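Novice: missing the sequence, but the structure's below:
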C-alpha cells in the first residue's frame, strides 16, 4: 500500500441490513429501547392488577404476588383482636371492695369532695416574647439573688455596741424622713430601697456619731440616685431639703467614704427586686394588690427589728402574704407563691403579723410619711383599708396554745 492510498475505516457488518434473493438490500426495523429493569418493583396490592415496569418471568411475578399476600396477612392479624384473649382482659377489671364503696358513699353523704391540688401557674407565659422580661434566665437570676442576700446579711449593729451613739428610734426617724424626701423628689422606687440598704450596710461596718446620721442618709440617697436615676438630684438640692445642715464638701466626703467602705458594691438584692417578682406571682394581679404590698413593705423598712430579723426576700414574701390577708384573697398562700418565693405560709406569719400591726397604728404614729404617701388616691388609698386583724388574732391564738 502506497502512502497516496487513503485508508478506509473498517466497517462492522450491519446486523439490521439483509439481502433478499433478488440482491436488493432490505433493512429491518430496530426494536425501540425499553426500561432495562433496574428499578425497585412497586408494592403489589391485593385486588389490583400488578403493574411491572419491566419484563418479568412468570416465576418472578408469582414471587412478587406471594410476598405481597404474606405482608397483607400479617397486617390483618395485627389489626384483628384476639378472640381468645378478649374475655381474659375483661375478666381482669378491678373490683371495688366493700370498704371503698362505703367510704365513697359516706363522703358523698357528708358533702365531702376531693379538691384538685392548686396548680403552679406559669407567670412568665405572657412575657415570652418580651426581651426585657428575660424569661429564659429569670429563675436563675432570682436563685442568685437569694444566694447573694444570704451572703450579705446585715449584722445586728444596734445591739452589738457598734453604734453607741445611735438607737433603733433614731434610725426610724431617719428612714421616715428619707421616704418623705424620696416622695418630694418623685424618684424611682429602686432608689429608695437602695438608699436604705446603703445606710444599713454602712452603719453595720462603721461607727457614726449622732450628728452625722442625717449626713449618711443624704449621701446614701445621692449614691443610690446616681446608680438608679436618669436625672439624679444635685448636691445643692439635697443641701436645700436638709435646711443646709451640711455643706457641699461634707456631703461629697461622706459619699466617698461610704463607697470606699462598701467597696463600691451597689448591685445588691434589695426587697424591691423580690417584691416585683412575688407580686407578679400573686394572682390575680392588680394595682390594688401592688399598692398594698408596697405600703406594708415600706412600713416594715422603718422598723429596725423587721429589717434585722428578716432578709429582703422574706420581708417581700411576708408583705405579699399580709396584703392577701388584708384584701381577703383566698387562699392566702398559693402553690404558685410557694414555688416562686420558696417560703411556706407558716414561715411568714410572724413577720406578716408585725406588718399588719404597723398598718393598724399607721394613722396614729408620729412617723407618718408612709401613711401620707399611701393615703393618696393615686396609690389607691390603701392605707385606709382595714388591717387584717384576723391574722394577728390567729397568730396570737397559736402562740398561746
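Specialist: Structure's in. What do you need? Given the structure is predicted, the values throughout are model-derived calculations rather than measurements. Numbering: from 1, shown residues only.
Novice: ok, how many other residues are close to residue 288?
Specialist: Neighbour count for residue 288, taken as other CB atoms under 10 Å: 15. C-beta: built from backbone N, CA, C; applies to glycine.
Novice: please apply the same query to the one 5 residues further on.
Specialist: For residue 293, the tally of surrounding residues (other CB under 10 Å) stands at 26.
Novice: what helix or strand is it on?
Specialist: Assigned by DSSP states H and E, residue 293 belongs to helix 287-302.
Novice: tell me the helix or strand right after that helix.
Specialist: Past helix 287-302, further along toward the C-terminus, the next helix or strand under DSSP H and E is helix 304-309.
Novice: thinking again about what came up before, now the helix holding residue 293: buried residues?
Specialist: Residues of helix 287-302 classed as buried by neighbour count (16 or more other CB atoms under 10 Å): 289-302.
Novice: can you redo the residues you listed as TSV with distance to residue 269?
Specialist: Formatted as TSV, the buried residues of helix 287-302 follow (distance: CB to CB, whole Å):
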residue	distance to residue 269
289	22
290	19
291	22
292	22
293	17
294	17
295	21
296	19
297	14
298	17
299	20
300	16
301	15
302	20
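Novice: hang on, residue 280 packs against residue 125?
Specialist: No: in this structure, residue 280 sits apart from residue 125 without contact. The criterion is CB atoms under 8 Å, and the distance is 11.6 Å.
Novice: and these two? Which one has more around it.
Specialist: Residue environment comparison for residue 280 versus residue 125 gives the larger neighbour count to residue 280, 17 against 8, counting by other CB under 10 Å.
Novice: pLDDT score assigned to that one?
Specialist: Among the per-residue scores, residue 280 holds a pLDDT of 94.
Novice: okay, the buried residues of helix 287-302 in TSV with pLDDT and distance to residue 158 next?
Specialist: Supplementary listing: the buried residues of helix 287-302 in TSV, determined by pLDDT from 0 to 100; distance: CB to CB, whole Å:
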residue	pLDDT	distance to residue 158
289	95	33
290	96	32
291	96	31
292	97	29
293	97	27
294	97	25
295	97	25
296	97	23
297	97	21
298	97	20
299	97	19
300	96	16
301	96	15
302	96	14
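Novice: what's the average pLDDT for whichever helix or strand residue 184 is part of?
Specialist: Applying DSSP H and E as the criterion places residue 184 in helix 168-185. Helix 168-185 shows an average pLDDT of 96 in the prediction.
Novice: repeat that for stretch 133-141.
Specialist: Averaged across stretch 133-141, pLDDT comes to 88.
Novice: that one spans what distance, first to last residue?
Specialist: The separation between the terminal residues of stretch 133-141, taken as CA to CA, to the nearest Å, is 11 Å.
Novice: so the closest residue in space to residue 173 that isn't next to it in sequence, which of the three states?
Specialist: Of all residues not flanking residue 173 in the chain, residue 367 sits nearest, at 6.9 Å (CB to CB, 6 or more residues apart in numbering). At residue 367, secondary structure determined by DSSP: H, G, I helix; E, B strand; the rest coil is coil.
Novice: now do residue 367, the pLDDT please.
Specialist: Confidence at residue 367, expressed as pLDDT, is 94.
Novice: my read: it touches residue 172, true?
Specialist: Yes: contact criterion CB under 8 Å: residue 367 and residue 172 qualify, at 6.1 Å.
Novice: give the residues shared as contacts by these two.
Specialist: Listed as contacting both residue 367 and residue 172 by CB atoms under 8 Å, 6 or more residues apart in numbering are residue 302.
Novice: quick revisit: pull out the buried positions in the helix holding residue 184.
Specialist: With burial defined by 16+ other CB under 10 Å, the residues of helix 168-185 counted as buried are 170-182, 185.
Novice: what of stretch 141-161?
Specialist: Buried, per 16+ other CB under 10 Å, within stretch 141-161: 142, 145, 146, 149, 154, 157, 158.
Novice: turn the residues you listed into TSV, columns for distance to residue 273 and secondary structure.
Specialist: Formatted as TSV, the entries for those read as follows, by distance: CB to CB, whole Å; DSSP: H, G, I helix; E, B strand; the rest coil:
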residue	distance to residue 273	secondary structure
142	8	helix
145	6	helix
146	10	helix
149	10	helix
154	17	coil
157	23	coil
158	25	coil
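Novice: out of those, which one has the weakest pLDDT?
Specialist: Taking those together, the minimum pLDDT is found at residue 154 (84).
Novice: quick one: that one from residue 132, how far?
Specialist: 31 Å (CB to CB, to the nearest Å).
Novice: element containing residue 257, please.
Specialist: With elements delineated by DSSP H and E, residue 257 resides in helix 248-261, which encompasses its position.
Novice: mind listing what's buried in that helix?
Specialist: Buried, per 16+ other CB under 10 Å, within helix 248-261: 251, 254, 255, 258, 259.
Novice: and for it, what's in contact with it?
Specialist: Under the criterion CB under 8 Å, 6+ apart, external residues in contact with helix 248-261 comprise 198, 202, 205-206, 212, 215-216, 218-220, 222-223, 235-236, 238-239.
Novice: distance of the nearest residue to residue 158 once chain neighbours are set aside from residue 313?
Specialist: Leaving aside its chain neighbours, residue 158 sits nearest to residue 168 (5.6 Å; criterion: CB to CB, 6+ apart). According to CB to CB, residue 168 stands 22 Å off from residue 313.
Novice: and residue 121, what's its pLDDT?
Specialist: With respect to pLDDT, residue 121 scores 88.
Novice: chain neighbours aside, what residue packs nearest to it?
Specialist: Nearest-residue entry for residue 121: residue 336, 4.7 Å, with adjacent residues in sequence omitted and distances by CB to CB, 6+ apart.
Novice: for residue 138, same thing?
Specialist: Here the nearest residue to residue 138 in space, its sequence neighbours aside, is residue 124; by CB to CB, 6+ apart that works out to 6.3 Å.
Novice: could you list the low-pLDDT ranges of the stretch 201-350 of the chain?
Specialist: By pLDDT under 70, the stretch 201-350 of the chain has no low-scoring segment.
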